[in-house]
Each structure stands twice: as C-alpha cells, then as structure tokens.
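Novice: Give me the fold of what follows.
(4 chains)
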Number of protein chains: 2
Amino acid sequence: MPVRWTMKSSRAEPYLKIGDVARRVGVSPSVIRSWESLGLTHPRRTESKYRLYTADDVRLLKRARFLRKVRGLNAAAIVELLRREGRARPAADGNAGAIGSHLRQLRAQRKLSLARVARAVDISVGFLSALERSQMSGSVGTLRKLARFYKTNILDFFDATGASSRQVRPAQRKVLEAGPGVRMELLAWGNTVMEPHLFRVAPLAGSGDSYTHEGEEFLYVLRGELMITLEKEEYRLKAGDSFYFESATPHQWKNTGRAETWLLWVNTPPTF
Amino acid sequence: MPVRWTMKSSRAEPYLKIGDVARRVGVSPSVIRSWESLGLTHPRRTESKYRLYTADDVRLLKRARFLRKVRGLNAAAIVELLRREGRARPAADGNAGAIGSHLRQLRAQRKLSLARVARAVDISVGFLSALERSQMSGSVGTLRKLARFYKTNILDFFDATGASSRQVRPAQRKVLEAGPGVRMELLAWGNTVMEPHLFRVAPLAGSGDSYTHEGEEFLYVLRGELMITLEKEEYRLKAGDSFYFESATPHQWKNTGRAETWLLWVNTPPTF
DNA sequence: CACAACCTTGCTATAATCCCGCAAGGTTAG
DNA sequence: CTAACCTTGCGGGATTATAGCAAGGTTGTG
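Specialist: The predicted structure follows:
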C-alpha cells in the first residue's frame, strides 16, 4: 500500500518511495538510484532527502526495465532513447561529471587498468569505474587517495587554472564541493609547499571512512565544532581550538554540532 | 591503400576488406564482426567469404564507434538507434537466434550462473554469454557438450515437436545446421534409444576441435569421403565404408574431398 | 516512547558484457 | 613463392551492471 505524501504548495498527489517503486518496476532500489544518476528520473525529495516518485516515474522506469532486460540496451542508451522520445532529460553535469572524466583521463594517460588503480587506492574496481563514469560519488577520503595516487592536487579534479596570487579575497577562492555537506575553499594553490583550505562542513557531514596518507596537518576551528578521531581516540574541538597531527595516523572527522562548522586546514606537503 | 573489388553484375565501386575498415573506423576486426552479428552491417562476401564493405558501411561504423566510446551506448542500443534513424536493419534471426535464447532459458530455469555452466562445459564465460546472446556461433562439439550438460537433446535447441513417426520421409526430417558447412537431418526422434542422423558435410567442413562424451557411435559413408581422427590416429573413409567407435575416445572429423559428403550416423545413448 | 521497517550515502562482491587477440588453415596479390 | 591478409571458433582480461550491505537517520504505528 503506497504511502501518501503531500508536498507543501503542491497539489495532493500520491507519491511513492523508492522501495515501493522498486517492487512495482521489478528492479532493486540501487538500480533505480544508479539510473537516476544518469538522468532517467529526477525525483523530488522530502526534507530528510527521501526520494518521491510519481506514477509517471513508475511508467518511465517500467519502460526502462523493458528496454534493459528484453531489448538489452544499457542505461546510457535508455536515457538517450527516452530523451529522443521527449520523456527524459539527461542529468545536469556539475562538478561530478568533470571529476569522473578527469579521473579517467588521468588513468588513460598512464595506461593503467581500473584494477591496477583500484588496488593501489584500496577501492573496488566497480566503484572506480562508476566514479569515472560519474555514476557514483566518492567521499573526501576517497578523492584524496586518488589525488595522491596520481600525484596531483585534489583541486585539479575540479578546475586547474594555474597558481593563485598571494592575496586571495573570499570571492576569488577556488571552491569545490567534495561529498555531501562538505565545501572546500582553497586559499592558495599552484606551486606551494603548504595547501591551505577553508572547510565549511554542514551538521553531521564529515570525511566518511577513516583514511591515512603521508604529511602533516594543522587545523583551526573558526566557528562551530568538530569531532575528529585518531586511532580510535576522539577529540571534540570548538571555536578557537587548534589541532596538529601527522597524516599517517588513521583519522576521520565529522561536524557533531547543530550549525555549520568552519575550519582553517593546512597540510604539507600538498596533495600533489 | 584500399584494394579495389568489383562484383559481378554490380557497378564498379571500391570495396574495402575488414582490416582496412578496422583501421579507418578505429576498432578491431573482431569488434566489426561482432557488431555485424547484431545487424549493424550486412557486408557482401567474395566466393571465399571475404567481407566486402562500402563507404556507407564505414560511415555507419564510425557513427557506431562514436555512440559506443563517447556516448557509452552498447551495441544492441546502437543498432536500435540506427534502425530508428533508418540507417540499419537488425540481423535476420535464424536458428542461431533460437539456439541462444534456448540456452539462456535452460540456464535461467536451473538458476545457474554463466560461470557455473561454462566451467562444467569447459568453455569461457564470455563465449557462453555470446552464444546465449547469439553473438557467436558454436561448433558441433560445443553444442553437444551443452546439450549433455542440460541433459537435453541437441535437437531441442532447434525445434522440439514431440516424437517422430516410425517412417520418416526425406521431406519430413528435422533439419539443423550446426556450424558452417554441416547440415544434420534427424531420422528419428522422441523417446529413442538410438539417435540416427544424416549428416551432409560440405568440403572442408567438420566437427571443429576434438571432443569426447559417453556412448557408442556408428557411421556409414553414403557418398563422398571423410577423415576421422581418434586419439591422433587418422582414418580415411569413402563411400560404402563403415566405422564404429566408443564416444569416450577423443575424436574429430572433416570432409577432405571435393564434393559434399553424406554420412549415416547413429549414436547411443541419444544426447539426452 | 519503542520499535520495525523503511530511507540515506558510500561502497563491495559477483555476475554479465565487451574487446581484442590468437590458432589453424585458407586466400590474395605482388 | 610468400607475406600479409582473410576465415571461424574461442580465450583472457578489462569493463560495466546489479544487488546488497554498513552505519546511521526517519517514519509511522501500536
């Protein structure tokens, strides 16, 4: 029995959640989400980010399933075909699209296989393939590991425009959104020995899994709070606190407060 | 430098061979052949079966390559898209199409993976996948191994229509083309202890690789000649000769004459 | 309020497909 | 005669597709 949702300022119309849709269409929720990342559907979301599907979405997905299972078309082709039928519009390519293409380009230049890079970076082959095809998104930790592997700056995944000037005003900062709720603003770039960022971290957002790399890191809490875990030891930082540690120590962090946290974060050497 | 071919009763027009086309399009000859089996191209052939491509074919294949590499569409989708553009017509599904679908159905019914069946039958996963999708064709030996694995009659791959009557006239025989140049006509079928065939083998056609299975086999040369090899020992048969052997002995055969060879061939138990 | 059943994101393991090359033997064209 | 091509049948490895899971949050019902 589908749950009835009503959105504010929209007409009362039955919506379905992803599990309901999966059962009706005959594919798993994972597949529906991956088709969404290709642009097949654009479901609205509740405030807690639950996806909401309409009856039209279900019809579209059923047709997609038919094209997939019976006609053997892959997802990219299904989107193309349905776009030509005026029934679908492709996903807006943002930074995510650029990241993926750039990753594949870096790997192709080095004539490396997916397996080779995945092993070196300790992620699965399928995940790396999906990252390169912009079908999955990676956490800060994962992108950093990839940047390190390719001996490149994490910024290069977004926009490579030479070195910064000495003075960088707020509006001039290079901005990158790495993972949900984490916004990185680079304060200096180019041939620098230190890599300074300003992190803006939404409540509950963080680095994802524990990770490690070479170098040293210094961070200063400008506002809000942060929980950082090193080797299973937890530290609760608040505005005015600073923190210095070796990057080789396994670590992960998260904003446990109710407001956005701002961090000044410097690491050396830079991730190049 | 493209070789210039002129077909009888067609206007002089430059044709290309598959290697030339592969270089111009930027994919390998194997890929061009596999796209052909899906219906992307329908090249004419010389008497010795060399494929001949036109400039239109090259353009079509270049577009296919673009759709594949840049847009990420798979081959089935490319054919569908180009068909909709009126630029391609799908492959005529013959027995090959039926065999593939049937193989996949048998595997699905038993809830087996490609890897599981491929291992049991000693072929590769990719090859079995291609067989099921009618993208590659198998030799007599391979089809027999699969029939044995699924405990079914090789005939069931073609047309299952119950048992034969006692008397079977030539026009009533079940006919199956198994591999190039080999035509099998079944002389009795259904619940039989023996499985009699009439094989019509074109010059140079044969069983392909050596193979083995349980049972006993008897064959009689009606016309033409046949070379059969058992455990690396060769036998040259001609009209009137007969031959009896245990199927467990590794064997392979071939028509080494200049004319079509007709064989009466009985094995027991049937491949069920 | 408790809790079952759902959702989220990030990621894995496995299944399936795609690509290209090779063996064996035949053909072409210089 | 021979190098370089073709044929078919098939393998090995690379890549993609699918479904599930962990950890943690949300929903809705009793």
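
Novice: ok, residue A:150 - contacts?
Specialist: By Cβ atoms under 8 Å, 6 or more residues apart in numbering or on different chains, the contact set of residue A:150 is A:106, A:110. Bear in mind the C-beta positions are built from the backbone N, C-alpha and C, glycine included.

Novice: residues near the closest residue to chain B within chain A, how many?
Specialist: Going by Cβ to the nearest Cβ, chain B is nearest to residue A:77 of chain A, at 2.9 Å. For residue A:77, the count of nearby residues is 25 (other Cβ atoms under 10 Å in any protein chain shown).

Novice: Give me the nearest residue to it, chain neighbours excluded.
Specialist: Computed as Cβ to Cβ, 6 or more residues apart in numbering or on different chains, the closest residue to residue A:77 that is not its neighbour in sequence is residue B:77, at 2.9 Å.

Novice: Assess the claim that that neighbour and residue A:81 are in contact.
Specialist: Yes. Between residue B:77 and residue A:81 there is a contact at 7.2 Å, judged by Cβ atoms under 8 Å.

Novice: Overlap in contacts, these two.
Specialist: Counting by Cβ under 8 Å, 6+ apart, the shared contacts of residue B:77 and residue A:81 are residue A:73.

Novice: Whichever strand or helix holds residue A:128 and chain B in contact?
Specialist: Taking DSSP states H and E as the definition, one finds residue A:128 inside helix A:125-132. No. Helix A:125-132 lies apart from chain B when judged by Cβ under 8 Å from any Cβ of the partner chain; the minimum separation is 11.2 Å.

Novice: what does the helix or strand hosting the residue of chain A closest to chain B contact?
Specialist: Assigned by DSSP H and E, residue A:77 belongs to helix A:75-84. For helix A:75-84, the external contacting residues (Cβ under 8 Å, 6+ apart) are A:34-35, A:38-40, A:60, A:63-64, A:67-68, A:73, A:88-90, B:71-74, B:76-78, B:80-81, B:84.

Novice: And stretch A:219-226, by the same measure?
Specialist: For stretch A:219-226, the external contacting residues (Cβ under 8 Å, 6+ apart) are A:198, A:201, A:228, A:236-244, A:253-257, A:259-266.

Novice: I'd say residue A:114 and residue A:125 touch.
Specialist: Yes. Counting by Cβ under 8 Å, residue A:114 touches residue A:125, with 4.9 Å between them.

Novice: Tell me which of those two has more neighbours.
Specialist: Comparing residue A:114 with residue A:125 by neighbour count (other Cβ under 10 Å), the higher total belongs to residue A:114, at 17 against 14.

Novice: can you pull the contacts of the more buried one?
Specialist: Residue A:114 touches A:107, A:125, A:128, A:129, A:132, counting by Cβ under 8 Å, 6+ apart.

Novice: Quick check, pLDDT for it.
Specialist: The predicted structure scores residue A:114 at 94 on the pLDDT scale.

Novice: Pop out the phi and psi values for it.
Specialist: Main-chain torsions, residue A:114, degrees, to the nearest 10: phi -60, psi -40.

Novice: From DNA strand D, how far out is it?
Specialist: Counting by Cβ to the nearest atom of the strand, to the nearest Å, the separation of residue A:114 from DNA strand D is 3 Å.

Novice: Now do that residue against residue A:130, distance only.
Specialist: Note on residue A:114: its distance to residue A:130, by Cβ to Cβ, to the nearest Å, is 10 Å.

Novice: That's all I had, so thanks and see you.
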